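A.B. asks: Next one to model:
(one chain, ligands or ions: 1)
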Amino acid sequence: MKSILVTGCNRGIGLEFIRQLIALNKPPQHVLATVRQPEKAKDLQELARSNKSIRILKIDLKDLESYKGFSKEVEGIVGEDGLNVLVNNAGISSKFSRLQYVKAEQLEEHFLVNTIAPAMLTKALLPLIKAAATRSTSTPGASKGVVVNMSSILGSISSNTTGGLYPYRASKSALNAFTRSLSLEVKDDGIIALSLHPGWVKTDMGGPKAPLSAEESVSKILTTLASLEEKHNGQFIQYDGQEIPW
Ligand SMILES: NC(=O)c1ccc[n+]([C@@H]2O[C@H](COP(=O)([O-])OP(=O)(O)OC[C@H]3O[C@@H](n4cnc5c(N)ncnc54)[C@H](OP(=O)(O)O)[C@@H]3O)[C@@H](O)[C@H]2O)c1
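C.D. replies: This next block holds a predicted model:
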């Protein structure tokens, strides 16, 4: 893979992604890391200081109007080679609550960040992903074109036996539905689109009781990413490549 763009890289899984990408045996030429406030992303800045392949890009994913300009900025970096991998990682989560406490604004915010933003960012960057896929002679996989939508097992409708978490669950289920339609649309371009559950991970979102560290989760995700093939298009998988129920 020549280029990869990951959203939400100032902390958590996104930051760990960047850390491990630059440490790969064959690191990508362009590692594009988006954050809302570059000046506050100290750990990421530190990584970028010692690694010139990292480009820190500023975007607030709620600002849908900025996506057109953002895609031009990405194009200016990756050029004709296009973008191989897009990881829609940034997300927000709500606390467990019963329906009587759920507010419309909460649902709106979750759908905006967890569903609409990844969908519209993919739309904005798809021409670059298609360009990369067209230029590559590889079989479908990370060296060609991949869209990873960071979903959650909590977005699995059939695994939902405990309820609650309405805004988060509904927004991730909707993201899964988007993934599936996208996978069918990009199939003939040799692009793989999938939903990925990173596991329950110790981050600000996952909390301290989570069984997986960000290091373990991302290390397995990168192994999974490297082994993707055509059959993975349209799948819902977890960090270690295991398929999980929609
Ligand atoms: N941790 C888990 O156990 C777990 C489990 C299943 C799925 N996931 C999914 O994995 C992904 C990463 O989770 P995480 O645990 O790393 O979460 P996290 O530590 O809470 O980090 C979330 C990231 O998303 C960014 N973000 C949120 N709203 C944004 C916006 N409007 N514009 C741009 N960036 C925004 C945050 O940036 P700011 O600092 O600027 O807010 C931050 O970088 C999420 O999609 C999450 O749903 C996590």
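A.B. asks: Can you spell out which helices and strands pack onto the longest helix along the chain?
C.D. replies: Criterion DSSP state H: the longest helix present in the chain is helix 166-186. If you count contacts as 3 or more CB pairs under 8 Å, 6 or more residues apart in numbering; DSSP states H and E, helix 166-186 packs onto helix 104-111, helix 117-135, strand 146-150, strand 192-197. To be clear about C-beta, it is placed using only N, CA and C from the backbone, and glycine gets the same treatment.
A.B. asks: Val31 belongs to a strand, doesn't it?
C.D. replies: Yes. Assessed with DSSP: H, G, I helix; E, B strand; the rest coil, Val31 lies in a strand.
A.B. asks: In space, what's closest to Pro208 - neighbours in sequence excluded?
C.D. replies: Lys202 (6.1 Å; CB to CB, 6 or more residues apart in numbering).
A.B. asks: Kindly provide the distance from the one you found to the ligand.
C.D. replies: Lys202 sits 7 Å away from the ligand, going by CB to the nearest ligand atom, to the nearest Å.
A.B. asks: Take the helices and strands packed on helix 166-186 and lay them out in a markdown table including mean pLDDT.
C.D. replies: Output for the helices and strands packed on helix 166-186, formatted as a markdown table (pLDDT from 0 to 100):
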| stretch | mean pLDDT |
| --- | --- |
| helix 104-111 | 97 |
| helix 117-135 | 98 |
| strand 146-150 | 98 |
| strand 192-197 | 98 |
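A.B. asks: Name the residues of this protein found near the ligand, please.
C.D. replies: Contact residues, the chain versus the ligand (CB under 6 Å from any ligand atom): 8, 10-14, 36, 60-62, 89-93, 113, 150, 152, 197-198, 200-201, 203-206, 210.
A.B. asks: give the contact list for the residue nearest to Pro208.
C.D. replies: Residues in contact with Lys202 (CB atoms under 8 Å, 6 or more residues apart in numbering) are 208, 210, 212-214.
A.B. asks: From Ile13, how far out is it?
C.D. replies: Applying CB to CB, to the nearest Å, the value for Lys202 to Ile13 is 10 Å.
A.B. asks: got it, and Ser97?
C.D. replies: From Ser97 to Ile13 the distance is 24 Å (CB to CB).
A.B. asks: Likewise for Lys103?
C.D. replies: Distance from Lys103 to Ile13, by CB to CB: 27 Å.
A.B. asks: Repeat that for Lys42.
C.D. replies: Separation of Lys42 from Ile13 (CB to CB): 18 Å.
A.B. asks: more crowded one of the two?
C.D. replies: Ile13 (25 against 9; other CB atoms under 10 Å).
A.B. asks: Now do the helix or strand that one falls within: everything it contacts.
C.D. replies: Using DSSP states H and E, Ile13 falls within helix 12-22. Helix 12-22 has contacts (CB under 8 Å, 6+ apart) with 4, 6-9, 27-28, 31, 33, 43-44, 47, 51, 53-54, 87, 89-90, 150, 198, 201, 203-205, 214-215, 217-219, 221-222.
A.B. asks: Send over that helix as CSV, restricted to the C-alpha atoms.
C.D. replies: Below are the C-alpha coordinates for helix 12-22, written out as CSV (Å, rounded to 0.1, in the frame of the first residue of the first chain):
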residue,chain,number,x,y,z
GLY,A,12,-7.1,6.0,20.8
ILE,A,13,-7.2,3.5,17.9
GLY,A,14,-6.5,6.2,15.3
LEU,A,15,-3.2,7.4,16.9
GLU,A,16,-2.1,3.8,17.4
PHE,A,17,-2.8,3.1,13.7
ILE,A,18,-0.4,5.8,12.7
ARG,A,19,2.2,4.6,15.2
GLN,A,20,2.2,1.1,13.8
LEU,A,21,1.9,2.1,10.2
ILE,A,22,5.2,3.9,10.2
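A.B. asks: rewinding a little: out of the helices and strands packed on helix 166-186, which is closest to Gln235?
C.D. replies: Gln235 lies closest, by CB to CB, to one member of the helices and strands packed on helix 166-186: strand 192-197, at 5.1 Å.
A.B. asks: Great, nothing more from me.
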